[in-house]
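Asks: pasting the sequence and the predicted coordinates here, then a few questions.
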Amino acid sequence: MFSRLNNLPTAVKHSLIYASALGLSKGLALIMVPIATHFLSPADYGRLDVLQTLADLLSIVIGMGLAETLFRFAGSADNTHERKAASANIFGMALLLGSFALILGQILAPQISRLLPGDIAETEARLILASLSMVGTIIVPLAWLRMQGNAWMYLIGTAGRVALQVAIAVPLLFLGFGVTGVLIATLISALMLSSWLIRAQLKDSGISFEFSRFKTYSAYGGPLIFVGMAGFILGSFDRWILADAVGTAEMAQYALAAKFGLITAVLIQPFDLWWHARRFSCLKEQDGHERCARIATVGVAIALLSALIIAAVGPTLVRTLTPETYHQSIQYIPWLAALAALHNATSTLGLGAMSEATTVRPALIDGAAAGIALIAYFTLIPTYHAWGAIMATTLALSLRIVVMYIVSQKALYLPYKGRRILLMVTGFLAALVMIPSAELSLSIFLQAGLTILTFIIWVAVLGLLPISKKLVNRPQTQKNEG
């Protein structure tokens with residue numbers, strides 16, 4: 001099996017390994033769901049969700065776009081020495097930010113625990129804040145592994161962390177530690193992974209503190225904090241407004257559909273894990289601009305195909321896994337899957353804007369999109385409820401991708417086949433409407449399968465698929481390194 005895997009094109013091989021890492025991580029995390037819900041009361045589970053939301057928000061700030069900064073400056077370096085110097089300094093930034101976050105977090109833990117809803121204990125706040133301080137020392141080495149094409153090490157690190165977390169959390173829950181036990185497991189697994197990655201990073205690129213570089217890196221990574229915050233508004237904030245407008249019962253239908261819609265992003269992620277680490281170095285290769293345009297187009301096709309797959313299987317999963325009272329959510333799944341694909345396509349086609357010395361323009365674009373979404377949420381949700389949230393997000397994300405594409409092309413022109421991409425999107429929308437959401441039967445299965453197959457053939461006829469082995473199986477290092 002491994003010999004066959006090694007014979008595959010590099011992009012396919014690495015994407016399969018990244019998919020395995022995601023599958024193992026998600027599968028192990030899924031094991032925790034019935035265990036956690038058995039040992040935690042609804043109130044405890046709610047506290048854990050509050051802490052997870054806090055972690056999602058603060059990780060954006062503490063992470064400070066360090067992975068994208070590494071891809072930008074190490075990926076566009078002219079030689080191996082400069083690549084390692086960029087990696088060493090960005091890793092140094094991560095250590096400094098992590099140390100500062102650890103100290104500040106422990107000082108503010110009492111105040112933070114009082115401000116959070118759900119009667120969060122101070123100990124719980126301290127544990128989650130300590131885990132968050134290691135965000136940078138985890139994401140930078142993992143990003144460096146991706147840049148080096150070391151997909152197996154990435155799999156071991158990410159899946160190993162989740163396995164360790166589950167192995168510690170389960171006995172602690174059995175012993176009655178509750179939410180604190182889950183947070184202890186999170187902290188220990190983060191500490192172990194961080195220690196392993198720090199050791200590997202020190203052996204490879206080392207660590208450096210050239211403060212003259214930090215200003216340049218901060219100018220690029222700092223605005224990405226606001227990009228992340230805007231992403232939170234575009235991806236999650238609508239549920240808060242919807243719950244206030246229509247109550248938690250109807251919001252739960254939308255929230256469940258959103259969970260299935262976001263599986264689209266999981267299906268796309270193996271490609272993203274490979275490509276985002278390679279795209280800046282690809283620009284410097286021979287015919288790099290043309291290759292980047294072609295591979296990005298493939299990424300958009302993968303995003304659209306992933307949305308169609310979720311639109312096809314999502315309704316059956318909801319009917320199988322949930323009580324009938326939740327089946328109203330089925331009507332929203334195709335459109336939320338499409339929005340997940342639209343969100344991803346913007347990132348894929350925004351290479352030009354991300355190739356500049358600063359990320360101020362992407363931050364402004366995403367901030368404006370978030371502002372438009374907020375206005376539309378408050379305007380449309382009270383009248384149209386969940387459909388209002390979908391319409392508002394569609395408006396904001398559609399404007400965002402158009403503006404991002406124009407700005408990116410002005411910053412760095414890439415020879416996209418624009419008309420063919422529009423025809424591909426048109427075919428996707430037609431397929432999305434045609435995919436049935438009725439209860440599974442042989443005819444429904446055949447109709448959904450034929451619709452997806454027709455879309456794949458349509459993309460191939462347009463000349464956007466398949467990509468050749470030559471396109472994806474390029475050397476991991478740049479030709480001019482040395």
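Replies: Cool, the structure landed. Numbers count the residues shown, from 1 in each chain.

Asks: which elements pack onto the helix or strand A370 falls within?
Replies: Using DSSP states H and E, A370 falls within helix 360-411. For helix 360-411, the packing partners by 3 or more C-beta pairs under 8 Å, 6 or more residues apart in numbering; DSSP states H and E come out as helix 223-232, helix 238-246, helix 248-261, helix 333-349, helix 351-354. The C-beta positions use only the backbone N, C-alpha and C, and glycine is treated the same way.

Asks: work out the gap between that helix and the centre of the chain.
Replies: 18 Å (C-alpha atoms, centre = their mean, to the nearest Å).

Asks: just the angle between it and helix 248-261, please?
Replies: Counting by axes from the mean of the first three to the mean of the last three C-alpha atoms, to 10 degrees, helix 360-411 lies at 40 degrees to helix 248-261.

Asks: can you list the neighbours in contact with the helix or strand following helix 360-411?
Replies: For helix 360-411, the following helix or strand on the C-terminal side (DSSP H and E) is helix 418-434. Helix 418-434 has contacts (C-beta atoms under 8 Å, 6 or more residues apart in numbering) with 297, 300-301, 304, 307-308, 311, 334, 338, 447, 451-452, 454-455, 458-459, 462-464.

Asks: restricted to buried residues, select those residues in PyMOL.
Replies: Selection of buried members from these for PyMOL, criterion 16 or more other C-beta atoms under 10 Å:
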select buried, resi 297+300+301+304+307+308+311+334+338+447+451+452+455+458+459+462+464
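
Asks: just the ones of the contacts of helix 418-434 in helices?
Replies: 297, 300-301, 304, 307-308, 311, 334, 338, 447, 451-452, 454-455, 458-459 (DSSP state H).

Asks: from those residues, which single one is nearest S131?
Replies: Of all those, A307 has the smallest distance to S131: 32.6 Å, by C-beta to C-beta.

Asks: what about the closest one, distance to A340?
Replies: 7 Å (C-beta to C-beta, to the nearest Å).

Asks: now swap in A376 and tell me
Replies: Applying C-beta to C-beta, the value for A376 to A340 is 18 Å.

Asks: more neighbours: which of the two?
Replies: A count of neighbours by other C-beta atoms under 10 Å puts A340 above the other of A376 and A340, at 26 against 19.

Asks: what distance do you get for the closest residue to the more buried one other than its chain neighbours to A341?
Replies: Take A340 and drop its neighbours on the chain: the residue closest to it by C-beta to C-beta, 6 or more residues apart in numbering is T264, 3.9 Å away. T264 is 6 Å from A341, where distance means C-beta to C-beta.

Asks: which residues are in contact with each of those two?
Replies: Common neighbours of T264 and A341 (C-beta under 8 Å, 6+ apart) are 303, 306-307.

Asks: what's the closest of those residues to M93?
Replies: Using C-beta to C-beta, these come closest to M93 at A303, 31.1 Å.

Asks: isn't that closest one up against L349?
Replies: No: using C-beta atoms under 8 Å, A303 is not in contact with L349, being 10.4 Å away.
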